[in-house]
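S.K.: can you look at this prediction? I've put the sequence above it.
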Amino acid sequence: MSRRDRPERKHALRDAVRTGYAEIAKAGGACCGPARPCCGSSDAAGVARAVGYSEAELATLPEGANMGLSCGNPGAVAALKPGETVLDLGSGGGFDVFLVAEKVGRRGRAIGVDMTPEMLAKARRNAESFRKRTRLNNVEFRLGEIEYLPVADASVDVVISNCVINLSPDKPQVWREIARVLKPGGRVAVSDLALLKPLPAKLRASIEALVGCVAGAVLTQETRAMARAAGLTQIRLIPKADYVDRMADWNDPLYRKMLEQLPEGKRLGQYVTSLEVTAHKPRGKSRP
């Protein structure tokens, strides 16, 4: 067993992520800072617009639901239908959950899972505002780890996730869980960060880069292999490297520090890309 795969290291990495995102939740929405590194920017609306969210979508959200933690718009990619059940892995303050809940409507359901109690509390507070505005009672937030989802087998039509799977120390298990909870014929729409080539050793070892969604990312072909090994098919990967370069230009202490750890003249976007992943669970297959 390699050092990277040791259980104690996985626990330590998970704890570091949980601590970092608890601080983000308690900060009330301002994402990154010298003491609070995270995946995103303090310009939450700017991040969302940059990765494909419309002004109309942003205008409907409860205050504080958008914390600048996105690297894509998986709800738009998922082509949701009224009445579907959608599961969001690492739902944070509920940003994507609230958007997809309106798309699936009164007969549908949007479930968010997050391992950070502070994020869960924030999402549940936001849910009250969402219900009052929309008169929809179709959102739910559950405490849990994405490697061990608190969701029944074959109970979900669509799994989405936004810049979260890269944070997991056991990504193959996450993909197995995705396949487990999907109904036969169900589909996946994930936005995440992935590597175009291996990171320099100094950056790979940085805990700031881990919580910042960079050091935990894997090569795009590894993502394909994990999804296929979990039993998913019709796997499609679309890299969007320009997003990372725009992110690195923001006046953010975390990303400035990561840029300092790159070889001279190199850009973060030469190593890291935003990756749109879609896949399906074959029909007639109740378990992965």
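M.R.: Sure thing, it's come through.

S.K.: could you list the low-pLDDT ranges of the stretch 51-200 of the chain?
M.R.: 51-52, 64-70 (pLDDT under 70).

S.K.: contact partners for N162?
M.R.: Counting by CB atoms under 8 Å, 6 or more residues apart in numbering, N162 makes contact with 69-74, 88, 90, 95-96, 190-192. Any C-beta I mention is one placed from the backbone N, CA and C, and that applies to glycine too.

S.K.: my error: substitute V244 in the last question.
M.R.: Contacts of V244 (CB under 8 Å, 6+ apart): 193, 268-269, 272-274.

S.K.: quickly note the distance from the residue lying closest to it once chain neighbours are set aside to L193.
M.R.: In space, and not counting its chain neighbours, V244 is closest to G269: 4.3 Å by CB to CB, 6 or more residues apart in numbering. From G269 over to L193 the distance is 11 Å, taken as CB to CB, to the nearest Å.

S.K.: more neighbours, those two?
M.R.: The residue with more neighbours, out of G269 and L193 and counting by other CB atoms under 10 Å, is L193; that gives 25 against 19.

S.K.: counting contacts, what elements does the strand or helix carrying that one pack onto?
M.R.: Assigned by DSSP states H and E, L193 belongs to strand 182-195. On a contact count with 3 or more CB pairs under 8 Å, 6 or more residues apart in numbering; DSSP states H and E, strand 182-195 meets helix 74-77, strand 156-162, helix 220-229, strand 272-280.

S.K.: restrict the first one to CA atoms and write it as PDB.
M.R.: Just to be clear, that refers to helix 74-77. Output of helix 74-77 as PDB, limited to C-alpha atoms (Å, rounded to 0.1, in the frame of the first residue of the first chain):
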ATOM      1  CA  PRO A  74     -23.700  20.600 -13.700                       C
ATOM      2  CA  GLY A  75     -27.400  21.300 -13.300                       C
ATOM      3  CA  ALA A  76     -27.500  22.800 -16.800                       C
ATOM      4  CA  VAL A  77     -25.600  19.900 -18.300                       C
END
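
S.K.: any idea which helix or strand carries R131?
M.R.: Per DSSP H and E: helix 117-134 holds R131.

S.K.: if you count neighbours, what's buried in that helix?
M.R.: 118-123, 125-127, 129-130, 134 (16 or more other CB atoms under 10 Å).

S.K.: ditto for stretch 197-204
M.R.: 199, 203-204.

S.K.: and the end-to-end length of it?
M.R.: For stretch 197-204, the separation between the terminal residues is 12 Å (CA to CA, to the nearest Å).

S.K.: so where do the strands sit in this structure?
M.R.: 85-89, 109-114, 139-143, 156-162, 182-195, 233-240, 272-280 (DSSP state E).

S.K.: distance to E264 added to the ones you listed, as JSON lines?
M.R.: Converted to JSON lines, the strands of the chain look like this (distance: least, CB to CB, whole Å):
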{"stretch": "strand 85-89", "distance to E264": "37"}
{"stretch": "strand 109-114", "distance to E264": "39"}
{"stretch": "strand 139-143", "distance to E264": "44"}
{"stretch": "strand 156-162", "distance to E264": "33"}
{"stretch": "strand 182-195", "distance to E264": "20"}
{"stretch": "strand 233-240", "distance to E264": "25"}
{"stretch": "strand 272-280", "distance to E264": "18"}
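
S.K.: these: which one's closest to D170?
M.R.: Within those, the stretch nearest D170 is strand 85-89; the backing value is 13.1 Å (CB to CB).

S.K.: so that closest one versus strand 156-162, what angle?
M.R.: 30 degrees (axes from the mean of the first three to the mean of the last three CA atoms, to 10 degrees).

S.K.: what's the angle from strand 85-89 to helix 117-134?
M.R.: 150 degrees.

S.K.: quick check, pLDDT for E264.
M.R.: We have a pLDDT of 82 for E264.

S.K.: what's the spacing between it and P200?
M.R.: 11 Å.

S.K.: and what of L143?
M.R.: Relative to P200, and taking CB to CB, L143 is found at 36 Å.

S.K.: try P62
M.R.: From P62 over to P200 (counting by CB to CB), the distance is 40 Å.

S.K.: returning to what we had before: turn the helices and strands packed on strand 182-195 into JSON lines, including distance to A56.
M.R.: As requested, the helices and strands packed on strand 182-195 are exported to JSON lines (distance: least, CB to CB, whole Å):
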{"stretch": "helix 74-77", "distance to A56": "12"}
{"stretch": "strand 156-162", "distance to A56": "18"}
{"stretch": "helix 220-229", "distance to A56": "31"}
{"stretch": "strand 272-280", "distance to A56": "21"}
